[in-house]
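>>> the following block contains a protein sequence and its predicted model.
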Amino acid sequence: MARLYWFHDFLPAGERKSLTDAEIHDLIETYLVRNEVEVEDMHSLDREGRSTKPKMDLLQAAIQIEAAEYDTGFELPDFTTKRVYELFR
């Protein structure tokens, strides 16, 4: 469910009626890297002596699972369809 909320929040605003395949691909890539900055920040905190390992491990596992899902089939509403896009907005 969190994924759907993320995509709802990040769909392009305006008078759009649908997205192209390339736009969907770019949106998915943005989604896949959303946790990488937090993981990098945690690496910095670890170097300072603060342990963030459990949370970092969970984020890294999520990144790997989502990347594998993207390779095998990423489930999303069909944003190329006008009706689906309008209902989702």
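That came in fine, so what should we check first?
>>> from here on, just use CA atoms for contacts and neighbour counts.
OK.
>>> okay, and for this structure, where does confidence drop off?
Applying pLDDT under 70 to the chain picks out residues 46-52.
>>> quick one: buried residues of the longest helix along the chain?
Ranked by residue count and defined by DSSP state H, the top helix of the chain is helix 53-72. Buried residues in helix 53-72, counting neighbours by 16 or more other C-alpha atoms under 10 Å, are found at 56, 59, 63, 66-67.
>>> which is the next helix or strand following that helix?
Moving toward the C-terminus from helix 53-72, the next helix or strand (DSSP states H and E) is helix 82-88.
>>> pull the residues that contact that next one.
Contacts of helix 82-88 with the rest of the structure, by C-alpha atoms under 8 Å, 6 or more residues apart in numbering, involve 8, 17-19, 77-79.
>>> rerun that using 7 Å as the cut-off
With C-alpha atoms under 7 Å, 6 or more residues apart in numbering as the test, helix 82-88 has contacts from 8, 17-18, 78-79.
>>> from the chain's centre, how far out does that helix sit?
With C-alpha atoms, centre = their mean, to the nearest Å as the basis, helix 82-88 stands 20 Å off its chain's centre.
>>> in what helix or strand does the residue nearest the centre of the chain lie?
Central residue of the chain (C-alpha atoms, centre = their mean): residue 31, 2.0 Å from the mean position. Using DSSP H and E, the element containing residue 31 is helix 21-32.
>>> how far out from the middle of the chain is whichever helix or strand comes after that helix?
Going down the chain from helix 21-32, the next helix or strand is helix 36-47, by DSSP H and E. Distance of helix 36-47 from the chain centroid (C-alpha atoms, centre = their mean) equals 18 Å.
>>> quick one, helix 36-47 and helix 53-72 angle?
150 degrees (axes from the mean of the first three to the mean of the last three C-alpha atoms, to 10 degrees).
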